[in-house]
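> Dropping the sequence and predicted coords here.
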Amino acid sequence: MAKIRLFVQGDLASKNIVELNFQQIHYLRNVMRLNPGDTITVFNGRDGEYHANIQELTKNKGNISISAQIKEQDSCPDVWLLFAPLKRDCIDLIAEKATELGASSLQPVNTRYTITTRVNVDRLTANAIEAAEQCGRLSVPEVKEARALESVIYNWNPARTLYYLDISETAEPIAEAFAKADKNTPSAFVVGPEGGFSEDERVMLAKCAFAKPISLGKRILRAETACFAALACWQSICGDWK
Ligand code: SAM
């Protein structure tokens, strides 16, 4: 049977009993057809990964007993993704793929040409949890409430480099920028909406010493493709794809 991994909230230590939520009960009981006594693995973003035995699994109640630890908690590379909200399928894809690609935080940012300002944080978090369970991550990226790009920039900690994905010819090729970057510096990317950044936003970003324009080449990518390409390049040069 395929290994079943669940992200849980409770503390993980041998013999602890952890309650399951209704979605988890439904998944284990009705989708995977598991029963008390069956074994799954669990993680919570703090305590590593453990085997767990299902103790109780009824329609309304489920809990597991934590047994042996399989993995110690590791630290995720410190890379954030900021992106302009997109339509539902694309934004769901961003939550899923950015989680697989190891982003530690997902921040929707409203920009001048953003077409969708409604962001369902709970749905994106559910997508991120599912992706973390599937890909073997020991943590789930935090999905933040959408904020105005200006507000995020004005409150930025300058110790974190902000790479903004820029289609202009003056932007530095991404691999060159990362090759000379200090690999221990916390990093973030901001990707514009379908309509790109406005001239005012470009000027605002260009004035910030912590912000660097980077290019993904001469082809104009869809915003979600740019998110994944930037994260993949960063992981291979600065992150944990070693
Ligand atoms: N016509 C838009 C413009 O003027 O920017 C194109 C926007 S593109 C569909 C969406 C976003 O993806 C851009 O704002 C940029 O952040 C990023 N992007 C797409 N292709 C890129 C490339 N080749 N280099 C750097 N960033 C890119």
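Cool, the structure landed. On a predicted model such as this, the values are computed, not experimentally measured, just so you know.

> Quick check: the gap between residue 203 and the ligand.
14 Å (C-beta to the nearest ligand atom, to the nearest Å). Glycine gets a C-beta too; all of them are placed from N, C-alpha and C.

> before we move on, which element is that residue in?
helix 199-206 (DSSP states H and E).

> now check the helix or strand following that helix, is it near the ligand?
Downstream of helix 199-206, the first helix or strand assigned by DSSP H and E is strand 211-215. Yes - contact between strand 211-215 and the ligand, assessed by C-beta under 6 Å from any ligand atom, occurs at residue 215.

> which residues are contacting strand 211-215?
With contact meaning C-beta atoms under 8 Å, 6 or more residues apart in numbering, strand 211-215 is reached by 153, 161-174, 177, 205-206, 230.

> Try it again at 10 Å.
Contact partners of strand 211-215, identified using C-beta atoms under 10 Å, 6 or more residues apart in numbering, comprise 153, 156, 158, 161-178, 181, 187-190, 197, 202, 204-206, 230, 233-234.

> Equivalent analysis for stretch 197-207, please.
Contacts for stretch 197-207 (C-beta under 10 Å, 6+ apart): 84, 109, 111-113, 149-150, 153-154, 162, 164-168, 170, 190-192, 196, 211-213.

> Let's see which of those residues end up in helices.
149, 150, 153, 154 (DSSP state H).

> Now, of the residues you listed, which are buried?
Neighbour-count burial (16 or more other C-beta atoms under 10 Å) is assigned, among the ones in helices among the contacts of stretch 197-207, to 149, 153.

> and the ones in helices among the contacts of stretch 197-207 as CSV, adding distance to residue 7 and pLDDT?
CSV is the format used below for the ones in helices among the contacts of stretch 197-207 (distance: C-beta to C-beta, whole Å; pLDDT from 0 to 100):
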residue, distance to residue 7, pLDDT
149, 30, 97
150, 34, 97
153, 31, 98
154, 33, 97
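
> Would you mind trimming the ones in helices among the contacts of stretch 197-207 to those in range of the ligand?
Of these, not one also sits near the ligand (C-beta under 6 Å from any ligand atom).

> Dump the ones in helices among the contacts of stretch 197-207 into CSV; add distance to residue 239 as well.
Putting the ones in helices among the contacts of stretch 197-207 into CSV (distance: C-beta to C-beta, whole Å) gives the following:
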residue, distance to residue 239
149, 24
150, 28
153, 24
154, 27
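
> between the ones in helices among the contacts of stretch 197-207, which is closest to the ligand?
For the ones in helices among the contacts of stretch 197-207, the residue nearest the ligand by C-beta to the nearest ligand atom is residue 149; the value is 11.5 Å.
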